[in-house]
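Visitor: Below is the sequence, then the predicted model.
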Amino acid sequence: MEKSIMSYVEKFNTNIEKTNYKNLDDKTKEFIKNIALKYQFSFQELKQLIDFSIDFKMWHEAEIYKIFKDEYANKKQAFNHIRKTWEDLRSKANSYEKFSKDLYKDDIRKFSFTKFESNKAALGSCPVASANTRCCNLLTLDAVQSCGFDCSYCSIQSFYNQDKIGFDKNFKENLANLKLDPNETYHIGTGQSSDSLMWGNKEGILDALFDFARKNPNVILEFKTKSNNIKYFLENDVPANIICTWSLNTPTIIENEEHLAASLEKRINAAKKVSQKGVLVGFHFHPIVHYDNYLKEYEEVYKTLIETFDSKKVALVSFGTLTFIKPVINKIRSRNFKSKILQMPMSEANGKQSYPLEVKREMFKHAYDSFKPWHKDVYFYLCMEDETLWKDVFGYEYSSNNQMEDFMKMSYMNKIKQNSPSHKFKLNNKSLGF
């Protein structure tokens, strides 16, 4: 073997450990190694070719060894051909026509439960806030660590061991000991580190949260879910300051990207039963996903909600879309399932990757306009999105995160009062005006 080839083999074997090479199947590994030896790609070129290979397979497109031509004039031509094929696939509207649930069957998650001890309730700030996005300053309460659903785009998978669902042994005691200012209004969500309802009352978490809501009428406690596990809500008195919200999507996205979660029909039926009991509900369209004919499919979901629910019993509707940090992208590429979720045109978005602003304007404005019958009764907002989008979507904007937070809390508390006149509650003393 020539010295130059021997030297490259050594570099290849060393550098390959710093890539996603281990996530390739054996046939693709052998192919990548062969073309690397032939063209002697640089480390960065090799790293990208490996990621392209993973993406082609994940997107259910032709494998790289079927795209790669027998002969190229040089390595630049070879690399550029593969990169252009990858870029062309990302730039066109995705189609799920060739997808089915069977494509997920070989990568179904298996998880187990574990317990840990914490010395205080895990009350924190929204983990995705950034300087140029308009944020509602949501506080988060980590009742459970990690989620049992397996949505392909979920950021939770990069924060926790995805196969271990953690329950805090001291959660009830820690929550009871949490000291809050009685003169402040708090908006706290439990759906950031796990799904709020899928576990039911396991380890007494709903008992503890309901008691917490009763004892703290100045707290707006939001349960966010993709589940239809509402048994506890139907069998117990629900404090008026609890809002139950559902994350919704189109049947296409639920079936192909929101694995193990309840169907759209089951989620809407669950929300309807909870609303009929007198509990305030809300809906999150986050992420809205761009794909072939997506606007029409989302509009059908919006229409169903308008026809099914009384807007005076709906506290909120939020819009957001796919936004990725590098660890989440790497985690998705480490999986062995089919997903179109990374097959999208990506632009820099406050240190993350997301759709270009023009795509976001289209999806959010269409969504808001579709909900016109609810505009006077329901609080609408963009979640984790660039502050410049608000004016184009809603026709108004907030000057700061604090102003948005104040208006949101005021809207929710007014709904709580209207929904339960006997409920004792307090608004904070901050100015609540534009």
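Guide: Yep, that arrived.
Visitor: okay, CA-based contacts and neighbour counts for the rest of this
Guide: Fine.
Visitor: And the helices in the stretch 201-350 of the chain?
Guide: Counting by DSSP state H, counting those that start in this stretch, the stretch 201-350 of the chain has these helices, from start to end: 205-215, 231-235, 251-257, 264-276, 294-308, 326-333.
Visitor: Mean neighbour count, distance to residue 388 and mean pLDDT for those - can I get that in JSON lines?
Guide: Putting those into JSON lines (neighbours: other CA atoms under 10 Å; distance: least, CA to CA, whole Å; pLDDT from 0 to 100) gives the following:
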{"stretch": "helix 205-215", "mean neighbour count": "18", "distance to residue 388": "35", "mean pLDDT": "97"}
{"stretch": "helix 231-235", "mean neighbour count": "14", "distance to residue 388": "38", "mean pLDDT": "98"}
{"stretch": "helix 251-257", "mean neighbour count": "20", "distance to residue 388": "27", "mean pLDDT": "96"}
{"stretch": "helix 264-276", "mean neighbour count": "18", "distance to residue 388": "31", "mean pLDDT": "98"}
{"stretch": "helix 294-308", "mean neighbour count": "15", "distance to residue 388": "22", "mean pLDDT": "98"}
{"stretch": "helix 326-333", "mean neighbour count": "17", "distance to residue 388": "24", "mean pLDDT": "90"}
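Visitor: Of these, give the one that comes closest to residue 40.
Guide: The closest of these to residue 40 is helix 326-333. By CA to CA, the value is 24.2 Å.
Visitor: What is that closest one packed up against?
Guide: With contacts defined as 3 or more CA pairs under 8 Å, 6 or more residues apart in numbering; DSSP states H and E, the packing partners of helix 326-333 are helix 43-58.
Visitor: would you turn the helices of the stretch 201-350 of the chain into TSV with distance to residue 386?
Guide: TSV is the format used below for those (distance: least, CA to CA, whole Å):
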stretch	distance to residue 386
helix 205-215	32
helix 231-235	35
helix 251-257	24
helix 264-276	28
helix 294-308	21
helix 326-333	19
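Visitor: which one of those lies closest to residue 32?
Guide: Evaluated over the helices of the stretch 201-350 of the chain, closeness to residue 32 peaks at helix 326-333, with 16.6 Å, by CA to CA.
Visitor: Export only the CA atoms of that closest one, formatted as CSV.
Guide: C-alpha atoms of helix 326-333 as CSV (Å, rounded to 0.1, in the frame of the first residue of the first chain):
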residue,chain,number,x,y,z
LYS,A,326,-27.1,20.9,17.5
PRO,A,327,-27.5,18.3,20.2
VAL,A,328,-31.1,17.6,19.2
ILE,A,329,-30.1,17.3,15.5
ASN,A,330,-27.3,14.8,16.5
LYS,A,331,-29.7,12.8,18.6
ILE,A,332,-32.2,12.6,15.8
ARG,A,333,-29.5,11.3,13.4
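Visitor: and the angle from it to helix 43-58?
Guide: In terms of direction (axes from the mean of the first three to the mean of the last three CA atoms, to 10 degrees), helix 326-333 departs from helix 43-58 by 50 degrees.
Visitor: which residues touch helix 326-333?
Guide: The contact list for helix 326-333, computed with CA atoms under 8 Å, 6 or more residues apart in numbering, reads 20, 23, 51, 54-55, 58, 152-155, 157-158, 342, 352.
Visitor: distance between that helix and the chain's centre?
Guide: Counting by CA atoms, centre = their mean, to the nearest Å, helix 326-333 is centred 13 Å from the centre of its parent chain.
Visitor: all helices of the stretch 51-200 of the chain, in order?
Guide: Remark: helices assigned in the stretch 51-200 of the chain by DSSP H, counting those that start in this stretch are 64-67, 75-91, 171-176.
Visitor: quick one: contacts for residue 309?
Guide: Contacts of residue 309 were listed using CA under 8 Å, 6+ apart, and they are residue 272.
Visitor: same question, residue 171
Guide: With CA under 8 Å, 6+ apart, residue 171 has these contacts: 118, 120-121, 143, 205, 208.
Visitor: same question, residue 226
Guide: When the contact criterion is CA under 8 Å, 6+ apart, the partners of residue 226 are 195, 198, 246-248, 261-262, 267.
Visitor: Highest neighbour count among the residues you listed?
Guide: For those, neighbours were counted by other CA atoms under 10 Å; the highest total belongs to residue 248, with 25 neighbours.
Visitor: May I have the beta-bridge partners of the nearest residue to that one once chain neighbours are set aside?
Guide: Excluding its sequence neighbours, the residue lying closest to residue 248 (CA to CA, 6 or more residues apart in numbering) is residue 285, at 5.5 Å. Per DSSP bridges, residues listed as beta-bridge partners of residue 285: residue 319.
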